[in-house]
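[1] kindly generate the corresponding structure for this input.
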Amino acid sequence: MGRLRTLVEIALRNLWTHRRRTALLGVALASLSALMVLFSGVLAGARSNILRTATTLAAGHLNVGGFYKVTAGRASPVIIDGPGTVALVERALGDDLDFATKRGRGVARLASPSATLQAFLVGMHMEHEPGFRRLIKVKAGSVDDLAQPDSVVLFEKQAQMLGVGVGDQLTLYAITTGGVHNTADVRVAAVAEELGLFSKWLVFLNGPTMTKLYRVNEGVTGAVYVYLKDPDRTLERDQALLRRALADAGMGLRQAEEKPWFLKLESARREDWTGQKLDVSTWRDELGFITWSLDALDALALVLSLLLGGVIAVGVMNGMWNAVRERTREVGSLRAIGMHRIQVVWMFLLEGLWLGLASAAAGAVMAGLLAAALNAARVPLPAEVQLFLLSDTLFVQVAWPVVLRPVLLVAAVATVASIPPAFGAARLRPVIAMQRA
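    Next up, the predicted model:
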């Protein structure tokens, strides 16, 4: 321990003695660290936005979906006993559950006096939708009015396409579970800001109104959206628990498919059975078209880390080789008074470690300040980027994992890059080293 303390002190004194070289290399490393933290924050923010928006609008962390067939060739996306299914979910998941909510599922055509629009309908029970209220940004009207009968919430471009605003009337055309065409007149309760891809094909309808439109009983729903307290840790386990609980309750289950519900509906129509069957899916199953965006962000983060790690390694290695050349006589003197080769190696490694760690920490602080400024400025994103990131402004997420990974990576790369120069210094023969200028 005493020898290590001595080596640490020598390393720090060497960095201080060669302040000019330390400062130049430190500024370069701090800049790269800040860039890495900033890009990691942008990617983490984008991932967080995508997941939060997707799992609020189009799916839960887990989803208990229903398929009901009156005849073998006709299927409807409904659960006959919605309240009973919610109660079963609550019992099965216990403390893992945050909350569960019922939502209707359907497809309908919306018609105004000037245009029509085909869309997926989502039946909302606003008393059980805290996340929806927090996410939706209203351009006009109030999202709380969706709790009123015969009300609908549109996104901005949908309202423009239909030529309607808050308070205007629309007519919905849909096919009921019995195969009968039905209509309902609704009022636009609110017009919401765009939220990427979901703004193109989702329309939110008052839940009881959707029940009337599809001519089903009050307890019937389309799906139960399940939100977990820690989905990253318990998602797969809770999915298995739910499937087991539904099977034990005597409910028929469809074989798991990694598809969204509307594609499963087509599969169900071709299957030879009648009655009720349920399906338990994850958000990844329901939102497969979104996961490629998340995978692309992960790949981009990996490529960025490799590129910046390579730049850091080259810079530190060149700097440390220069340090070895400048301190050849010093290394020879240390070897002559009894310092072992392994101790010389440790001395240079500790210099690289301290340089990398201090520079990375300074860069992380700079990145955190810049991220706070960017978030406060609410930098607008181009429409094409909004479509995939599901946000209209740039969001940089600077949390401990986002900051810690780049800092540790820079420190680790700086240390590893010091290995060749460190062993080069250790191989110097004391007599020859002391004779060099």
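
[2] from here on, contacts and neighbour counts on C-alpha atoms
    OK.

[3] nearest residue to the middle of this structure?
    R47 (2.9 Å; Cα atoms, centre = their mean).

[4] the longest strand belonging to the chain pairs with which strands, and in what direction?
    The longest strand of the chain (DSSP state E) is strand 97-111. Sheet pairing of strand 97-111 (DSSP bridges) gives strand 116-124 (antiparallel), strand 169-175 (antiparallel), strand 223-228 (antiparallel).

[5] could you export these as JSON lines, including mean pLDDT?
    Formatted as JSON lines, the strands paired with strand 97-111 follow (pLDDT from 0 to 100):
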{"stretch": "strand 116-124", "mean pLDDT": "93"}
{"stretch": "strand 169-175", "mean pLDDT": "93"}
{"stretch": "strand 223-228", "mean pLDDT": "93"}
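
[6] please work out which of those is packed deepest.
    Counting by mean count of other Cα atoms under 10 Å, strand 223-228 has the highest mean neighbour count of the strands paired with strand 97-111, with a mean of 24.

[7] got the contact list for the helix or strand following that strand?
    Following strand 223-228 in sequence order, the next helix or strand is helix 231-248 (DSSP states H and E). Helix 231-248 has contacts (Cα atoms under 8 Å, 6 or more residues apart in numbering) with 61-62, 88-89, 92-93, 96, 228, 252-253, 280-282.

[8] how does it look with 7 Å?
    For helix 231-248, contacts defined as Cα atoms under 7 Å, 6 or more residues apart in numbering pick out H61, L62, V89, A92, L93, L253, V280.

[9] what's the angle between it and strand 97-111?
    Interaxial angle, helix 231-248 versus strand 97-111 (axes from the mean of the first three to the mean of the last three Cα atoms, to 10 degrees): 80 degrees.

[10] rewinding a little: make a markdown table out of the strands paired with strand 97-111 and add distance to P382.
    Listed next are the strands paired with strand 97-111 as a markdown table, based on distance: least, Cα to Cα, whole Å:
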| stretch | distance to P382 |
| --- | --- |
| strand 116-124 | 25 |
| strand 169-175 | 31 |
| strand 223-228 | 31 |
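
[11] nearest to R269, of these?
    strand 169-175 (15.0 Å; Cα to Cα).

[12] confirm that F204 sits in a helix.
    No - secondary structure of F204 (DSSP: H, G, I helix; E, B strand; the rest coil): strand, not part of a helix.

[13] and it, what are its bridge partners?
    Beta-bridge pairing of F204 under DSSP bridges involves V122, V153.

[14] lowest-confidence one in the contacts of helix 231-248?
    Minimum pLDDT for these is recorded at L253 (89).

[15] so who does it touch?
    A247, K277, L278, D279.

[16] is the third one in a helix, a strand, or coil?
    When the structure is split into helix, strand and coil by three-state DSSP, L278 lands in strand.

[17] what's around W201, how many residues?
    Neighbourhood size, W201 [other Cα atoms under 10 Å]: 15.

[18] ugh, wrong one, L307
    11.

[19] now swap in L381 and tell me
    15.

[20] check A296 too.
    So A296, with other Cα under 10 Å, has 11 neighbours.

[21] swap in T274?
    17.

[22] look up how far W346 lies from V220.
    Distance, V220 to W346, by Cα to Cα, to the nearest Å: 70 Å.

[23] scratch that, T171
    On the measure of Cα to Cα, T171 and W346 end up 77 Å apart.

[24] ditto for S142
    The value you get for S142 to W346, if Cα to Cα is used, is 65 Å.

[25] among these two, which residue is more densely surrounded?
    W346 (20 against 17).

[26] check what pLDDT that one gets.
    77.

[27] do the same with R133
    87.

[28] which non-adjacent residue is nearest it?
    Spatial nearest neighbour of R133, chain neighbours left out: V143 (6.9 Å); criterion: Cα to Cα, 6 or more residues apart in numbering.

[29] pull the number of nearby residues for the one you found.
    21.

[30] who's in contact with it?
    So V143 contacts R133, A189, A190 (Cα under 7 Å, 6+ apart).

[31] which of these are buried?
    Buried residues within those, counting neighbours by 16 or more other Cα atoms under 10 Å: A189, A190.

[32] between the contacts of V143, which is closest to V398?
    R133 (24.7 Å).

[33] how far off centre is the helix or strand in which that closest one is found?
    Using DSSP H and E, R133 sits in helix 130-135. In terms of Cα atoms, centre = their mean, to the nearest Å, the centre of helix 130-135 is set 17 Å apart from its chain centre.

[34] now it: buried residues?
    Buried-residue list, helix 130-135, by 16+ other Cα under 10 Å: F132.

[35] what ranges do the strands span in the protein?
    Going by DSSP E, the chain shows strands at 62-71, 74-76, 97-111, 116-124, 138-141, 151-155, 169-175, 181-192, 202-206, 223-228, 275-282.

[36] note down every partner strand of the shortest one and its orientation.
    Strands adjacent to strand 74-76 in the sheet, as given by DSSP bridges, are strand 62-71 (antiparallel).

[37] what is the end-to-end distance of stretch 250-260?
    First residue to last in stretch 250-260 (Cα to Cα) measures 24 Å.

[38] in that stretch, what counts as buried?
    In stretch 250-260, counting by 16+ other Cα under 10 Å, buried: G252, L253, R254, K259, P260.

[39] will you turn those residues into a markdown table that also has distance to L394?
    As requested, these are exported to a markdown table (distance: Cα to Cα, whole Å):
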| residue | distance to L394 |
| --- | --- |
| G252 | 45 |
| L253 | 42 |
| R254 | 41 |
| K259 | 30 |
| P260 | 29 |
